[in-house]
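> here are the coordinates; sequence isn't available:
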C-alpha cells in the first residue's frame, strides 16, 4: 500500500514541475516577441533618420581651427 502512495506523490511532483516549465516557455516566448518589436522599432527609427546628427556638422567648423593651431604649435616646439 505504501508503494502506491509514493508513486502518487511522485506523479504529483512531476506535474508541478511540468506546470512551472510551461511558465518559463511562455515567458521566453513573450520576451523574444518584445525583443523583436524593439528591434523593428530601432530599424524603423534609423531608416527615418531619427539618429542623424544635424547639429555637429554646423558647429564642427568652429572647432577645426583649434585643432590645426594645436598641431602647428607642437610642430614648432619639436
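Arrived safely, thanks for sending. Bear in mind the structure is a predicted one, so any value in this text is a computation, not a measurement.

> What segments of the chain are helices?
Remark: helices assigned in the chain by DSSP state H are 2-47, 56-77.

> Out of those helices, which gets the lowest mean score?
Of all those, the minimum mean pLDDT falls on helix 56-77 (a mean of 67).

> Distance check, residue 61 against residue 37.
The spacing between residue 61 and residue 37, counted by C-beta to C-beta, to the nearest Å, is 41 Å. The C-beta positions use only the backbone N, C-alpha and C, and glycine is treated the same way.

> same deal with residue 30?
11 Å.

> do the same with residue 48
From residue 48 to residue 37 the distance is 16 Å (C-beta to C-beta).

> Residue 52 too?
Residue 52 sits at a distance of 23 Å from residue 37 (criterion: C-beta to C-beta).

> Those two: which is more packed in?
residue 37 (10 against 7; other C-beta atoms under 10 Å).

> quick one: contacts for that one?
By C-beta atoms under 8 Å, 6 or more residues apart in numbering, the contact list for residue 37 is empty.

> Read off the pLDDT value for residue 50.
pLDDT, residue 50: 87.

> Any idea how many residues pack against it?
Neighbours around residue 50, by other C-beta under 10 Å: 9.

> Repeat that for the one 4 residues further on.
Burial of residue 54, expressed as a neighbour count using other C-beta under 10 Å, amounts to 7.

> Can you report phi and psi for it?
Residue 54 adopts backbone torsions of phi -100, psi -10, taken as degrees, to the nearest 10.

> Quick check: it vs residue 27, distance?
From residue 54 over to residue 27 (counting by C-beta to C-beta), the distance is 41 Å.

> One more: residue 21?
From residue 21 to residue 27 the distance is 11 Å (C-beta to C-beta).

> just residue 36 next, same as before
15 Å.

> Please enumerate residues in contact with stretch 47-54?
residue 45.

> Just the terminal-to-terminal distance for that stretch.
Using C-alpha to C-alpha, to the nearest Å, one end of stretch 47-54 lies 15 Å from the other.

> can you check stretch 38-54 too?
25 Å.

> from now on call the first residue 25
Got it, first residue is 25 now, which makes that one stretch 62-78.

> What are the buried residues along that stretch?
Judged by neighbour count using 16 or more other C-beta atoms under 10 Å, stretch 62-78 contains no buried positions.
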